[in-house]
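**Q** need a structure here:
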Amino acid sequence: MGVLSVIILILFIIVSLLLIFLVAIQDEQSEGLGGIFGGGSQTAFGSQTSSVVTKATGVLAALFLVLALLVAFINKTPSQDRLLDSVTTEQVQQTTEWWDAGN
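**A** This is a model prediction of the structure:
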């Protein structure tokens, strides 16, 4: 693994944990885990807290998707391409042998 893939993987883990935390503390009509922190989160931190948490959750969700694709792309093994090439070669050889056996 290169340095870039390790950095992206660490960012992916951090974003994942933050996303879990933000989803857990979101308060929907005074129900959920948001009430644990001293009542409704909207009254404790101001009237705009709900929209800030919602926007932050949306940004983290988008980052999560982008980082997941990057991690998958960077850690893709080149052996998958070779496997597909060998399957295609085997199919061509079997088809050729069957065709030659019939003549």
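**Q** okay, and the helix or strand of the chain with the least pLDDT?
**A** helix 41-45 (a mean of 51; mean pLDDT, DSSP states H and E).
**Q** That one: what's the following helix or strand?
**A** Downstream of helix 41-45, the next assigned helix or strand under DSSP states H and E is helix 49-74.
**Q** who are the neighbours of that following helix, in terms of helices and strands?
**A** helix 3-25, helix 41-45 (3 or more Cβ pairs under 8 Å, 6 or more residues apart in numbering; DSSP states H and E). (C-beta placed from N, C-alpha, C; glycine too.)
**Q** deepest of those, which one?
**A** Counting by mean count of other Cβ atoms under 10 Å, helix 41-45 has the highest mean neighbour count of these, with a mean of 15.
**Q** Out of the helices and strands packed on helix 49-74, which gets nearest to residue 73?
**A** With Cβ to Cβ, the closest approach to residue 73 among the helices and strands packed on helix 49-74 belongs to helix 3-25: 9.6 Å.
**Q** elements contacting that closest one?
**A** helix 49-74.
**Q** The helix it packs on - what's its average pLDDT?
**A** On average, the pLDDT along helix 49-74 is 89.
**Q** now do stretch 17-28
**A** Regarding stretch 17-28, the rounded mean pLDDT is 87.
**Q** Next one: the residue nearest to residue 11 when sequence neighbours are not counted relative to residue 56, how far apart?
**A** With Cβ to Cβ, 6 or more residues apart in numbering as the criterion, residue 11 has its nearest non-adjacent residue at 5.9 Å, and that residue is residue 67. Residue 67 is 16 Å from residue 56, where distance means Cβ to Cβ, to the nearest Å.
**Q** Thanks a lot, catch you later.
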